[in-house]
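Chemist: Predicted model and sequence below, questions to follow.
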Amino acid sequence: MKIKLFEQFISESEGLWVYSDNNKDRVKIKNFIDKGKYYAEWDEQAGGFWFPESPENWDKLENELAKKFNKLGITSYRFEASV
């Protein structure tokens, strides 16, 4: 039931998705989220991490995450907006 509620919450909320086609980088992203100041949820069905954020902050968040990911050697990722 929690998963269904979470999926409904995501579908009704704005945010930034982060996807990685590489399992090694996906693990690095998860570890970064677990240790960092950012909040995100993993969505198994979508295959990505969802960062709840309002549209006016997406560019800033995307730039911050890209810098952090690059420092950590995470090379396989892409961002998508969710409205």
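Modeler: Received it, and whenever you're ready, just let me know what you need.
Chemist: C-alpha only now, for contacts and for neighbours.
Modeler: Will do.
Chemist: With adjacent residues omitted, what lies nearest to the most centrally placed residue in the chain?
Modeler: Among the residues of the chain, the one closest to the centroid is Phe49, at 3.2 Å (C-alpha atoms, centre = their mean). Leaving aside its chain neighbours, Phe49 sits nearest to Trp42 (4.5 Å; criterion: C-alpha to C-alpha, 6 or more residues apart in numbering).
Chemist: any idea where the helices of the protein begin and end?
Modeler: For the chain, helices defined by DSSP state H occupy the ranges 2-11, 23-35, 58-71.
Chemist: Which one of those lies nearest to Ala81?
Modeler: Closest approach to Ala81 among the helices of the chain (C-alpha to C-alpha): helix 58-71, 7.6 Å.
Chemist: avg pLDDT for the closest one?
Modeler: Per-residue pLDDT over helix 58-71 has a mean of 96.
Chemist: which residues touch that helix?
Modeler: For helix 58-71, the surrounding residues in contact (C-alpha atoms under 8 Å, 6 or more residues apart in numbering) are Gly15, Leu16, Ile29, Thr75, Phe79, Ala81.
Chemist: What separation is there between the residue nearest to Asp43 when sequence neighbours are not counted and Lys68?
Modeler: Distances taken as C-alpha to C-alpha, 6+ apart put Phe49 closest to Asp43, at 6.2 Å, once the chain neighbours are dropped. Phe49 is 15 Å from Lys68, where distance means C-alpha to C-alpha, to the nearest Å.
Chemist: list the contacts for Asp34?
Modeler: Counted by C-alpha under 8 Å, 6+ apart, Asp34 has zero contacts.
Chemist: For burial, what's the neighbour tally of Val18?
Modeler: 21 (other C-alpha atoms under 10 Å).
Chemist: how many neighbours does Tyr38 have?
Modeler: Tyr38 has 12 neighbours, counted by other C-alpha under 10 Å.
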